[in-house]
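Colleague: give me the fold of what follows.
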Amino acid sequence: MSYGQSNLTQFIENDGEKRKMTFKILTDSTADLPESWALENDVQILGLTIQLDGETYETVGDKKLTSEQLLSKMESGSQPTTSQINVGQFEAIFRHYAEIGMPVLYIAFASVLSGTYQSAVMARDIVLEDFPEAVIQIIDTKAASMGEGILVMKAVEAKAAGQSLEQVVALIKSLVPKVKTYFLVDDLNHLMRGGRISKTAALMGSLVNIKPVIAVKGDGRLDSVAKVRGKKKAHAEVVRMTLEDIADPRVVIAYAGADSQEVAQVLKEQLLMSEQVNEVLILPLGPVISTHTGPGTLGLFSIAHENQD
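Modeller: Model (predicted):
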């Protein structure tokens, strides 16, 4: 074999190895990750849709409904609803990657909060019938908003560090039970209307000056974990709870509306006073999650040492 052919063979083998290592990360618009970040990091975001005043809106792309537009409508009395990504949409995307031989890792919204995860599982089964060799990994994050987003960021970082799909799946599955999420919500009726919390919990939150702290539990359900009198005490409590048992130095704060954005800055300063935190990202709460929590919501997301109940 000539030197040129040998080089070519080596190139093809190396290219094959590289292709073997490569995989595509997918997530959905409930992860609340900026589309610019997703583009830079080769992450594809699939969008749930929002029904608002008789119209259906996308949550990804140029024509998407922004959180600002949604919150403004909600403040005027609109009651939006959300729709999951359906089986057909997932099937088309999974089929595309199966056809080009690209393994897929879909990091999904909590299965107890939406049928989106189940749609993806059904679509995978359909595609595997035609492409039995296709690799389609789906992880139920049991999380919402940047709780899901933090896991996508971890997957991107691990992939960039050269970890294989199997290694990244193992890492993310190990982190799923350690994600800590706390929400401070101004009006719990939005969550009650969407069936995300009970009427009793909503009633407790409507008591004068009582601020319930809502946590995403280990299985993805929402539950009231503390009832604090006054906003400032509630802010201090979510900072304390976030710092307790924190394992990763990155915390994310998501806000819905300008007032919450100002509070987010204050909480960021408080978190950075701790030696356990060296990075606090502040991002707007996306329209899907905002539909269920309403204006004035704050979310704090971190990764703990211990599994969450």
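
Colleague: need the contact list for Val169.
Modeller: Going by CB atoms under 8 Å, 6 or more residues apart in numbering, Val169 touches Leu105, Gln137, Ile139. C-betas here are computed from N, CA, C, even on glycine.

Colleague: helix or strand right after the strand or helix carrying it?
Modeller: Per DSSP states H and E, Val169 falls inside helix 165-175. Counting by DSSP H and E, the element after helix 165-175 in chain order, helix or strand, is strand 179-184.

Colleague: contacting residues around Gly218?
Modeller: Gly218 makes contacts with Lys142, Pro177, Asn307, Gln308, Asp309, as judged by CB under 8 Å, 6+ apart.

Colleague: tell me the confidence at it?
Modeller: Note for Gly218: predicted pLDDT of 89.

Colleague: distance of it relative to Gly147?
Modeller: 12 Å (CB to CB, to the nearest Å).

Colleague: the bottom helix or strand of this protein by mean pLDDT?
Modeller: Least confident element among the helices and strands of the chain, by mean pLDDT, DSSP states H and E: helix 3-21 (a mean of 51).

Colleague: what is the subsequent helix or strand relative to that one?
Modeller: Downstream of helix 3-21, the first helix or strand assigned by DSSP H and E is strand 24-28.

Colleague: any idea which helix or strand comes after that following strand?
Modeller: Trace forward from strand 24-28 with DSSP H and E and the next one is helix 35-40.

Colleague: elements contacting that next one?
Modeller: strand 43-46 (3 or more CB pairs under 8 Å, 6 or more residues apart in numbering; DSSP states H and E).

Colleague: in its sheet, what does the strand it packs on sit against?
Modeller: Using DSSP bridges, the strands paired with strand 43-46 are strand 24-28 (parallel).

Colleague: and the partner strand, how far out from the chain middle?
Modeller: 11 Å (CA atoms, centre = their mean, to the nearest Å).

Colleague: helix 165-175 and that one, what's the angle between them?
Modeller: With axes from the mean of the first three to the mean of the last three CA atoms, to 10 degrees applied, the angle from strand 24-28 to helix 165-175 works out at 30 degrees.

Colleague: touching strand 24-28 from outside, list them.
Modeller: By CB under 8 Å, 6+ apart, strand 24-28 touches 33, 38, 41-48, 85, 93, 97, 102-109, 116, 148-149, 152, 155-156, 159.

Colleague: domains of this structure?
Modeller: With domains defined by automatic domain parsing, the chain comprises 3-176, 177-303.

Colleague: ranking those by mean pLDDT, which is last?
Modeller: domain 177-303 (a mean of 86).

Colleague: distance from the chain centre to that domain, please.
Modeller: Taking mean C-alpha positions (CA atoms, centre = their mean), domain 177-303 and its chain are 14 Å apart.

Colleague: span of that domain from start to end?
Modeller: 9 Å (CA to CA, to the nearest Å).

Colleague: ranges for the helices of the stretch 51-200 of the chain?
Modeller: 67-75, 87-99, 116-130, 146-160, 165-175, 189-193, 199-205 (DSSP state H, counting those that start in this stretch).

Colleague: now the fourth one: how far from the chain's centre is it?
Modeller: In this view, helix 146-160 has its centroid 9 Å away from the chain centroid, taken as CA atoms, centre = their mean.

Colleague: give the buried residues for that helix.
Modeller: Residues 146-156, 158-159 are the ones in helix 146-160 that count as buried (16 or more other CB atoms under 10 Å).

Colleague: including distance to Ala258, could those go into CSV?
Modeller: Formatted as CSV, the buried residues of helix 146-160 follow (distance: CB to CB, whole Å):
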residue, distance to Ala258
Met146, 19
Gly147, 23
Glu148, 24
Gly149, 21
Ile150, 24
Leu151, 28
Val152, 26
Met153, 25
Lys154, 30
Ala155, 32
Val156, 30
Ala158, 35
Lys159, 35
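
Colleague: picking that back up, weed out the non-buried ones from the contacts of Gly218.
Modeller: Using 16+ other CB under 10 Å as the burial test, the contacts of Gly218 include Lys142, Gln308 as buried.

Colleague: which of the contacts of Gly218 sits closest to Val266?
Modeller: Checking the contacts of Gly218 against Val266 by CB to CB gives Gln308 as the nearest, at 25.3 Å.
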